[in-house]
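Student: one predicted model, sequence on top.
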Amino acid sequence: MRTTFHKLFWLWQLPKEEAWINEMAEHGYGLVSAGRVTYEFEDIEDGKYKYKALFFKGSFTSEKIREFLKFMEEMDVHNTGHVSYPGHTVIYLRYDSSVEDFDIYSDLDSKIEYERTLVSYLLFATIVTFSHGYLT
């Protein structure tokens, strides 16, 4: 059976969102698809899967992301959905809970790029938000 939940997470709350999705999986809800505030789950065995939410620069259809997802599929890590933002994408990955947790951003350069991308996106969103408030 499928169940839909509506929950709002801001983009900078990605770790909190990932923790919530994993908590849902521990209670028997496996993520099937995700939207900006909508999450669809299916019944699974409690704790069968773990999930990673990853923030990428670029469109979901970009070659870089497609190659990454193909590589993940070869490692038995599956894409369960994505949410697109202007110039960025959040991808949700599912993997078997028996697999030890893995860190996609394991090297320093990748972590720095991730943080820079997130900060630049937040800065842009803040500027747009405040300028809109002053222009109306």
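Tutor: Good, I have the coordinates.
Student: which residues in this structure form helices?
Tutor: For the chain, applying DSSP state H gives helices covering 14-26, 63-74, 108-135.
Student: indicate which one of the ones you listed is closest to Glu100.
Tutor: Nearest to Glu100 among the helices of the chain is helix 14-26; the distance by Cβ to Cβ comes to 14.3 Å. Yep, even glycine has a C-beta here, placed from its N, CA and C like the rest.
Student: could I get the CA-only coordinates of the closest one as CSV?
Tutor: Extracted C-alpha coordinates of helix 14-26, given in CSV (Å, rounded to 0.1, in the frame of the first residue of the first chain):
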residue,chain,number,x,y,z
LEU,A,14,18.9,18.3,3.7
PRO,A,15,20.5,16.3,6.6
LYS,A,16,17.3,16.6,8.6
GLU,A,17,15.2,15.5,5.6
GLU,A,18,17.4,12.5,5.1
ALA,A,19,17.2,11.5,8.8
TRP,A,20,13.4,11.8,8.6
ILE,A,21,13.2,9.6,5.5
ASN,A,22,15.5,7.0,7.2
GLU,A,23,13.3,7.1,10.3
MET,A,24,10.3,6.4,8.1
ALA,A,25,12.1,3.4,6.6
GLU,A,26,12.8,2.0,10.1
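Student: low pLDDT regions in this protein?
Tutor: Residue ranges of the chain with pLDDT under 70: 103-107, 110, 133-136.
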